[in-house]
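In: the sequence and its predicted three-dimensional model are supplied below.
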2 protein chains.
Amino acid sequence: MTLPTTNIQMLLVSRPTGEPGPDNFRLVETPLPALKDGQVLVRHHWLSLDPYMRGRMSEEKSYAQPQPLGAVMIGGTAGVVATSRHPGYAEGDAVVGMGGWQAYSVVDAATPGLLRKVDATRVPLSAYLGAVGMPGVTAWMGLTQILTPKEGQTIAVSAASGAVGSMVGQLAKARGCRVVGVAGGPEKCGWVTATLGFDACVDHKRHGDLASMTAALREAAPRGIDGYFDNVGGLVLDGVMAAMNDHGRIAVCGMIAGYNGAPMAMANPMLILRSRLLIQGFIVSERMDLWPAALKELADGVAEGRLKYRETIAEGLAAAPEAFVGLLKGRNFGKQLVKLA
Amino acid sequence: MTLPTTNIQMLLVSRPTGEPGPDNFRLVETPLPALKDGQVLVRHHWLSLDPYMRGRMSEEKSYAQPQPLGAVMIGGTAGVVATSRHPGYAEGDAVVGMGGWQAYSVVDAATPGLLRKVDATRVPLSAYLGAVGMPGVTAWMGLTQILTPKEGQTIAVSAASGAVGSMVGQLAKARGCRVVGVAGGPEKCGWVTATLGFDACVDHKRHGDLASMTAALREAAPRGIDGYFDNVGGLVLDGVMAAMNDHGRIAVCGMIAGYNGAPMAMANPMLILRSRLLIQGFIVSERMDLWPAALKELADGVAEGRLKYRETIAEGLAAAPEAFVGLLKGRNFGKQLVKLA
């Protein structure tokens, strides 16, 4: 094939206050450098958009360094090796990495963890950014390591139709739990119950205050909630806490409801004491030792059709900023991707 | 001795809204029933006042049944057997139990857990209601089971001069930790550092907003806070969360700041995610298996003078309601007791 000589890249050029906008980004065309020994040129087919990126755009304390200004936005990518000067990779290999918001990346393939070869014949390449990638492993980790569900218990999960939430619920169902989702709107809720097999789904758009949210959750979980996988924080978290059984467990994976604004309070932390709750925040990259076991269950489940997922696809890198804002607002349905090739 | 024929008792006659007042209680004189086989008559020397009692006075969901109206207020007591019709107890035995707010109790001594003989020569009888009793075990349990401190870590504790907090800090010091107390006023803070040996103490009365509280905690814990034993909730909890290291752990034992009023919010639960915190509520009566190990360390420490404590003593049962209100407001200094004999 003819090798490309230019790349297109999306840079973060200013830090958003509140919701990100077009002014925070700039699309640029840049020359692709010649490969050095040990390097691989990857053509990105898919860019993953994930809520954690909003945290990186800010300067405040987070679990990772802020995204530098003027640099390519970080992000997970799935693609195909265009050319290789590393003996472990050959043209045409399907690979996953953190290639960033750009059409191509030049990767030092010898550095452990930067690039991972995947089998794009067993499951689709894009799934390695969702169900069989970081979001799926996140679901698996929070469920198995923090919620530690027992057969017959009730597990709740917010953003239930999303890349993480959809896996949490299906993995909990496979462990014999009753599963209650929380999602926005009848279409998402219907898919969560009909296609994913959740036992119930609460439409948060119909429950705008704590009393209503709590009542809906109690109806959906008549034996109370034993474990909650939190992707959103805010009102849903408050409602779940009120509907939890004694010794309930909460895995805090995201609080997307507050990513664009002022800190959201937790309404009644006294419930932590009254119900002897355990609440734990986690990030998936701190337990790399668990990834192989997680990925095996996820890949097997997807390949065998037991684990289902859905994708929302934006076309082309220029569409990424708007798609990302949509993700923070819940406009996506399932895993949000950008198709780059 | 001449056996008594009448008892005096403090009944809860109505449920407080907000701060309890004299109208919620009634002092009555009642006849003492004759002992049946297997029963023991205990003369209470000491009544323990503890923050958990406020929860029992309410009807709302808590981890225990509400205190019934018209009945003797529940409470821990230390006393001496006045007469016994159970072979395991003899007149003069020092005993601890849940005798309630009254001068005497008639106990079915065969029922396991109601009465425990103690050695009042090794440590003072009153200590079995504080340092070597439920508060001490509470401190030991939250520290060793939830905070799991490592040598060199920084442990913070609120209500640091209280029955629980004073033990938390001293037990953490014995494990090689830097210990930061939070207490109300210079007198309590001075005692916590000079007598108990805490490394620092933040006077919460001097820090009325989150920024000030956080700055004071950061100064007192220059390497950050790794574990926090929470007795108060509210502003102190918010400040500690902002000053916590990654993977910090919080044992929620009490939230006394909110016991008399509306639920207190947690200002910034996003920190649970950002700092990957673990927060866990617990009550000491759910892990009776741990009491023997805890009581051994506490009794040894008190008997050998390594664990110090302080008491505030109200005289006579009639003084109990006011002393209890004072406890909720932090007017006590150390363990709050009522002297009954």
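Out: Now that the structure is in, tell me what you want to look at.
In: what sits against the most centrally placed residue in chain A?
Out: Central residue of chain A (CA atoms, centre = their mean): A:P135, 4.0 Å from the mean position. With contact taken as CB atoms under 8 Å, 6 or more residues apart in numbering or on different chains, A:P135 is in contact with A:50, A:129, A:162-164, A:167, A:335. Where you see a C-beta, it was placed from the backbone N, CA and C, and this is true even at glycine.
In: do the same with A:W46
Out: Here A:W46 is in contact with A:77-79, A:125-126, A:129, A:337-340 (criterion: CB under 8 Å, 6+ apart).
In: now the two most distant members of those.
Out: Taking CB to CB, the two most distant members of the contacts of A:W46 are A:L125 and A:V338; they sit 13.5 Å apart.
In: neighbour-wise, which of these two wins?
Out: Shown here are A:L125 and A:V338; by other CB atoms under 10 Å in any protein chain shown, A:V338 has more neighbours (27 against 19).
In: that one touches A:A318, doesn't it?
Out: No - the criterion here is CB atoms under 8 Å, and A:V338 misses it with A:A318 at 9.4 Å.
In: how about the residues of the stretch 101-250 of chain A near chain B?
Out: Proximity of the stretch 101-250 of chain A to chain B (CB under 8 Å from any CB of the partner chain) is limited to residues A:233, A:237, A:246.
In: quick one on the thing from earlier: can you redo the contacts of A:W46 as JSON lines with distance to B:V107?
Out: JSON lines is the format used below for the contacts of A:W46 (distance: CB to CB, whole Å):
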{"residue": "A:T77", "distance to B:V107": "71"}
{"residue": "A:A78", "distance to B:V107": "70"}
{"residue": "A:G79", "distance to B:V107": "75"}
{"residue": "A:L125", "distance to B:V107": "72"}
{"residue": "A:S126", "distance to B:V107": "70"}
{"residue": "A:L129", "distance to B:V107": "66"}
{"residue": "A:L337", "distance to B:V107": "69"}
{"residue": "A:V338", "distance to B:V107": "72"}
{"residue": "A:K339", "distance to B:V107": "75"}
{"residue": "A:L340", "distance to B:V107": "77"}
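In: narrow the residues you listed to those in strands?
Out: Judged by DSSP state E, the contacts of A:W46 include A:77-79, A:337-339 as members of strands.
In: which among the residues you listed end up buried?
Out: Listed as buried from the ones in strands among the contacts of A:W46 are A:77-79, A:337-339; burial here means 16 or more other CB atoms under 10 Å in any protein chain shown.
In: give me the neighbour count for the nearest residue to A:M255 once chain neighbours are set aside.
Out: Counting by CB to CB, 6 or more residues apart in numbering or on different chains, the nearest residue to A:M255 once its immediate chain neighbours are dropped is A:G233, at 3.1 Å. When neighbours are counted by other CB under 10 Å, A:G233 registers 24.
In: next, give phi and psi for A:G233.
Out: Backbone torsions for A:G233, taken as degrees, to the nearest 10, come to phi 70, psi -160.
In: right, and it touches A:I250 too?
Out: No - using CB under 8 Å, A:G233 is not in contact with A:I250; the gap is 10.6 Å.
In: low-confidence stretches in chain A?
Out: A:1, A:61-63 (pLDDT under 70).
In: mind redoing it with 90?
Out: A:1-4, A:18, A:55, A:58-66, A:112-113, A:254-263, A:330 (pLDDT under 90).
In: what are the boundaries of the helices in it?
Out: Secondary structure of chain A (DSSP state H): helices located at A:52-57, A:134-141, A:165-174, A:186-194, A:210-220, A:234-242, A:270-274, A:291-303, A:320-328.
In: mind giving me CSV with those and columns for distance to B:D119?
Out: Formatted as CSV, the helices of chain A follow (distance: least, CB to CB, whole Å):
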stretch, distance to B:D119
helix A:52-57, 57
helix A:134-141, 49
helix A:165-174, 51
helix A:186-194, 61
helix A:210-220, 49
helix A:234-242, 43
helix A:270-274, 33
helix A:291-303, 52
helix A:320-328, 63
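In: for B:A103, which of those is the nearest?
Out: B:A103 lies closest, by CB to CB, to one member of the helices of chain A: helix A:270-274, at 32.0 Å.
In: could I get the CA-only coordinates of that closest one as PDB?
Out: Extracted in PDB, the C-alpha atoms of helix A:270-274 (Å, rounded to 0.1, in the frame of the first residue of the first chain):
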ATOM      1  CA  MET A 270     -26.200   9.300  57.300                       C
ATOM      2  CA  LEU A 271     -27.500   6.300  55.400                       C
ATOM      3  CA  ILE A 272     -23.900   5.100  55.200                       C
ATOM      4  CA  LEU A 273     -24.100   4.600  58.900                       C
ATOM      5  CA  ARG A 274     -27.800   3.600  59.300                       C
END
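In: contacting residues around that helix?
Out: Here helix A:270-274 makes contact (CB under 8 Å, 6+ apart) with A:241-242, A:244, A:277, A:279, B:55, B:61-63, B:233, B:252-255, B:258, B:263-264, B:279-281, B:283.
In: buried among these? Need that as a selection in ChimeraX.
Out: Selecting only the buried entries of these in ChimeraX, with 16+ other CB under 10 Å as the criterion:
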select /A:241,242,244,277,279 /B:55,62,63,233,252,253,254,255,258,264,279,280,281,283
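In: which ones among the contacts of helix A:270-274 are found in strands?
Out: When these are checked against strands (DSSP E), the matches are A:244, A:279, B:252, B:279-281.
In: and of these, the nearest to B:F324?
Out: Relative to B:F324, the closest of the ones in strands among the contacts of helix A:270-274 is B:V252; by CB to CB it sits at 21.9 Å.
In: can you pull the contacts of the residue nearest to the closest one when sequence neighbours are not counted?
Out: Nearest non-adjacent residue to B:V252, counting by CB to CB, 6+ apart: B:G281, 4.2 Å away. Neighbouring residues of B:G281 by CB under 8 Å, 6+ apart: A:272-278, B:252-253.
In: again, but for A:D300
Out: The contact partners of A:D300, taken as CB under 8 Å, 6+ apart, are A:R306.
In: how much space between it and chain B?
Out: Separation of A:D300 from chain B (CB to the nearest CB, to the nearest Å): 29 Å.
In: residues near A:M141, how many?
Out: Per other CB under 10 Å, the neighbour tally for A:M141 reads 21.
In: then A:S158?
Out: 31.
In: give the contact list for it.
Out: A:S158 sits next to A:165, A:181-183, A:204, A:228-232, A:236-237, A:240 when contact means CB under 8 Å, 6+ apart.
In: and A:T6, how far is that from A:L210?
Out: Going from A:T6 to A:L210 by CB to CB, to the nearest Å gives 53 Å.
In: actually A:L337, sorry about that
Out: Noted for A:L337: a distance of 34 Å to A:L210, by CB to CB.
In: try A:A262
Out: Using CB to CB, we find A:A262 at a distance of 18 Å from A:L210.
In: between those two, who's got more neighbours?
Out: Set A:A262 next to A:L210 and count neighbours by other CB under 10 Å: A:L210 wins out with 16 against 8.
In: any chance of the ones in strands among the contacts of helix A:270-274 in CSV with distance to B:Y309 as columns?
Out: Formatted as CSV, the ones in strands among the contacts of helix A:270-274 follow (distance: CB to CB, whole Å):
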residue, distance to B:Y309
A:M244, 35
A:I279, 31
B:V252, 23
B:I279, 27
B:Q280, 25
B:G281, 25
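In: ok, so of those, who is nearest A:L11?
Out: Among the ones in strands among the contacts of helix A:270-274, A:I279 lies closest to A:L11 (CB to CB), at 37.0 Å.
In: between the residues of the stretch 101-250 of chain A next to chain B, which sits nearest B:V13?
Out: Closest to B:V13 out of those is A:D246 (29.6 Å), distances taken as CB to CB.
In: many thanks, have a good one.
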